[in-house]
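Colleague: coords below, sequence missing:
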């Protein structure tokens with residue numbers, strides 16, 4: 001066993017004494033050590049209950065003859081961090097999470113790992129770590145939050161709250177009504193209830209083959225979630241016995257399956273940032289900007305989950321969950337069910353799957369749209385590409401041309417929106433918020449939520465080198481590459497410049513002549529990094545991080 005390096009032989013007597021200080025007995029030291037990386041905390045609603053999931057997974061490990069060993073993993077709540085300086089510290093934790101798990105696994109000689117994430121950057125950070133360490137591993141998330149319910153039974157999610165802020169700002173809602181929503185929108189533990197980044201990544205983990213069916217959709221409060229964790233504990237001993245490793249599971253075939261599911265579900269644009277980063281750790285090259293359109297062209301969008309529609313993740317689960325979506329895709333051979341998983345092949349997930357509600361999961365021959373939920377756009381404004389969640393764009397905004405309203409920070413744009421300074425037809429441009437320029441590539445639900453709450457999401461577009469929450473809807477185009485801090489054209493735009501967006505044609509252009517662009521480039525002062533403590537992690541991050549087009553990985 002790999003763990004023998006820390007517990008066997010005369011030379012390891014000092015280490016055994018430390019294990020015994022932890023309460024281990026000799027019989028346990030003769031069994032596999034299974035590390036359980038658990039992101040439990042008391043500041044993230046999606047992680048509040050992860051100790052119960054970890055205990056269930058540990059029970060499964062012990063039942064199968066292994067010895068579970070829990071260790072903690074950090075996690076930021078993107079919702080709490082949203083709209084202020086704290087959001088700079090969200091994406092950057094992905095690399096910290098992967099690095100810290102690598103340190104723990106390598107230092108302590110675990111034989112295999114169970115990963116228990118739930119929210120946004122924790123899932124990809126753990127998947128990156130699993131690929132990098134490449135010892136047998138399996139995932140079980142904490143599960144989605146139940147939707148809140150309005151007085152009329154309407155599902156409420158975190159999107160409701162951010163849009164309500166805009167509604168109050170425009171006089172469409174009172175502060176008393178806002179408080180009522182505040183008390184009901186997020187009813188308890190779990191990852192926020194729509195197809196936002198956390199749930200997108202937990203669902204994608206099923207398609208990647210790293211988690212049992214149900215990982216992405218069983219609600220956090222259901223006993224079935226604890227049972228899934230126990231089964232994962234049993235599973236990891238089987239994976240160890242068969243020596244099934246993450247790089248054997250997360251192959252090019254698995255990533256293509258994940259992209260097909262992504263398109264069918266209408267996942268968060270953040271999947272376009274995380275999938276290439278995970279692939280990088282496996283040794284695969286995933287040209288995400290090109291692949292998005294290739295896969296989207298043949299993969300229908302089958303689900304309109306919040307924010308694209310009113311349904312919540314609990315509705316997707318009741319309709320049959322990810323296996324039912326995969327089964328629909330399999331009818332047109334849009335996935336490869338021979339792909340290896342930690343429990344067999346993807347065919348084992350599809351077999352027996354039933355679509356119980358065709359209003360939630362459209363049949364493959366009668367989809368919401370015949371193309372996928374995400375699209376990559378290219379043009380002089382984004383020669384390296386940018387990303388939009390086209391399934392959440394109003395039909396009238398699929399093509400749009402309007403004057404640029406330029407802001408160098410998210411906060412300045414949000415203030416202008418709330419002060420009534422943005423009007424129908426405008427294209428809000430937020431720049432210097434990319435991976436390097438931010439630094440940290442802030443997620444910007446506050447301005448998009450305010451636009452939607454004011455009723456401007458079907459007349460105003462927003463373009464940024466930053467990124468969006470999965471809870472964003474509207475013509476919100478992010479990940480513009482190259483970013484302003486790297487000399488991208490987005491940094492040369494001026495108020496009034498005409499911007500042309502054509503999502504069906506996959507283009508986004510500033511209507512400027514080559515001569516105008518060349519002249520502005522000469523006049524533009526070099527980018528000066530935002531002032532910050534040179535000892536700060538953000539300062540080091542800005543020096544190391546690469547383009548959003550390739551996953552914002554360290555280079």
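Modeller: That came through fine. Source: prediction; values computed, not measured.

Colleague: next helix or strand past the lengthiest helix in the chain?
Modeller: With residue count as the measure and DSSP state H as the assignment, the chain has helix 223-242 as its longest helix. The element immediately downstream of helix 223-242 (helix or strand, assigned by DSSP states H and E) is helix 246-249.

Colleague: which strands and helices sit next to the next helix or strand after that following helix?
Modeller: The C-terminal neighbour of helix 246-249 among helices and strands, as given by DSSP H and E, is helix 252-265. The contact analysis (3 or more C-beta pairs under 8 Å, 6 or more residues apart in numbering; DSSP states H and E) places helix 252-265 against helix 197-208, helix 271-282, helix 288-298, helix 321-331. Yep, even glycine has a C-beta here, placed from its N, CA and C like the rest.

Colleague: thought residue 163 was touching residue 452?
Modeller: Yes. Shown here, residue 163 and residue 452 form a contact pair, counting by C-beta atoms under 8 Å, at 4.6 Å.

Colleague: okay, now the residue lying closest to residue 182 once chain neighbours are set aside: neighbour count?
Modeller: Using C-beta to C-beta, 6 or more residues apart in numbering and skipping the chain neighbours, the partner closest in space to residue 182 is residue 161 (6.6 Å). Here the count is done by other C-beta atoms under 10 Å, and residue 161 has 21 residues near it.

Colleague: check which helix or strand residue 161 maps to.
Modeller: With elements delineated by DSSP H and E, residue 161 resides in helix 158-169, which encompasses its position.

Colleague: C-terminal to that helix, what's the next element?
Modeller: helix 175-182.

Colleague: state the distance from the nearest residue to residue 259 once chain neighbours are set aside to residue 248.
Modeller: Nearest residue to residue 259 in three dimensions, chain neighbours excluded: residue 295, at 4.6 Å (C-beta to C-beta, 6+ apart). Plainly put, residue 295 is 23 Å away from residue 248 if you go by C-beta to C-beta, to the nearest Å.

Colleague: the more surrounded of the two?
Modeller: residue 295 (22 against 15).

Colleague: contacts only, for the more buried one.
Modeller: By C-beta atoms under 8 Å, 6 or more residues apart in numbering, the contact set of residue 295 is 256, 259, 260, 262, 263, 372.

Colleague: what of residue 49?
Modeller: Contacts of residue 49 were listed using C-beta under 8 Å, 6+ apart, and they are 142, 189, 190, 220.

Colleague: pLDDT value on it, please?
Modeller: In this prediction, residue 49 carries a pLDDT score of 98.

Colleague: from residue 221, how far out is it?
Modeller: 8 Å.

Colleague: residue 18 too?
Modeller: Residue 18 is 38 Å from residue 221, by C-beta to C-beta.

Colleague: ok, now residue 45?
Modeller: Plainly put, residue 45 is 12 Å away from residue 221 if you go by C-beta to C-beta.

Colleague: could you do residue 370 as well?
Modeller: Counting by C-beta to C-beta, the gap from residue 370 to residue 221 is 36 Å.

Colleague: neighbour count winner among those two?
Modeller: Summary of the neighbour comparison: residue 370 and residue 221, criterion other C-beta under 10 Å, with residue 221 having more neighbours (17 against 11).

Colleague: pretty sure residue 428 belongs to a strand, no?
Modeller: Yes. The assignment for residue 428 by DSSP: H, G, I helix; E, B strand; the rest coil puts it in a strand.

Colleague: SS state for the residue nearest to it when sequence neighbours are not counted?
Modeller: In space, not counting the residues next to it along the chain, residue 428 is nearest to residue 462; the distance is 4.4 Å by C-beta to C-beta, 6+ apart. At residue 462 the chain is in strand, as set by three-state DSSP.

Colleague: show me what residue 462 is bridged to.
Modeller: Beta-bridge partners of residue 462, counted by DSSP bridges, are residue 428, residue 476.

Colleague: centroid-nearest residue for this protein?
Modeller: The residue lying closest to the centre of the chain (C-alpha atoms, centre = their mean) is residue 197, at 3.4 Å.

Colleague: isn't it up against residue 120?
Modeller: Yes. Residue 197 is in contact with residue 120 according to C-beta under 8 Å; the separation is 4.4 Å.

Colleague: quick one on the thing from earlier: what does the helix holding residue 161 rub up against?
Modeller: Taking contacts as C-beta under 8 Å, 6+ apart, the residues outside helix 158-169 that touch it are 79, 82, 148, 173-175, 177-178, 181-182, 185-186, 192-194, 196, 306-307, 417-418, 445-446, 448-454, 471-473.

Colleague: which among those count as buried?
Modeller: Those of the contacts of helix 158-169 that meet the buried threshold are 79, 82, 148, 173, 181, 185-186, 192-194, 196, 306-307, 417-418, 445-446, 448-454, 471-473, by 16 or more other C-beta atoms under 10 Å.

Colleague: in helices, which of these fall?
Modeller: Using DSSP H, the members of the buried ones among the contacts of helix 158-169 that fall in helices are 79, 181, 417, 418, 445, 446, 448, 449, 450, 451, 452, 453.

Colleague: who are the contact partners of the second one?
Modeller: If you count contacts by C-beta under 8 Å, 6+ apart, residue 181 has them with 148, 150, 156, 160, 161, 164.

Colleague: just residue 89 next, same as before
Modeller: Counting by C-beta under 8 Å, 6+ apart, residue 89 touches 76, 81, 440, 537, 538.

Colleague: for it, give its distance to residue 210.
Modeller: From residue 89 over to residue 210 the distance is 26 Å, taken as C-beta to C-beta.

Colleague: picking up where we left off before, which other helices and strands contact the longest helix of the chain?
Modeller: Under the contact criterion of 3+ C-beta pairs under 8 Å, 6+ apart, helix 223-242 touches strand 33-38, helix 50-63, strand 112-116, strand 137-139.

Colleague: for the protein, which spans come out with low pLDDT?
Modeller: Low-confidence segments of the chain, defined by pLDDT under 70, span residues 531.

Colleague: how far does the longest strand along it sit from the chain's center?
Modeller: Across the chain, the strand with the greatest residue count (assigned by DSSP state E) is strand 399-407. A distance of 27 Å separates the C-alpha centroid of strand 399-407 from that of its chain, computed with C-alpha atoms, centre = their mean, to the nearest Å.

Colleague: kindly report the same for stretch 183-194.
Modeller: Here stretch 183-194 shows a centroid-to-chain-centroid distance of 17 Å under the convention C-alpha atoms, centre = their mean.

Colleague: hmm, back to that, ok, and the most crowded of the contacts of residue 89?
Modeller: Ranked by neighbour count (other C-beta under 10 Å), the contacts of residue 89 have residue 440 at the top, with 27 neighbours.

Colleague: for residue 482, see how far away the closest residue to that one other than its chain neighbours is.
Modeller: Counting by C-beta to C-beta, 6+ apart, residue 440 lies nearest to residue 88, which is 3.6 Å off, once chain neighbours are set aside. Taking C-beta to C-beta as the measure, residue 88 and residue 482 are separated by 20 Å.

Colleague: the longest strand of the chain pairs with which strands?
Modeller: When DSSP bridges is applied, strand 399-407 pairs with strand 427-430 (parallel), strand 498-502 (antiparallel).

Colleague: of all those strands, which one is nearest residue 338?
Modeller: With C-beta to C-beta as the measure, strand 498-502 is the member of the strands paired with strand 399-407 nearest residue 338 (37.7 Å).
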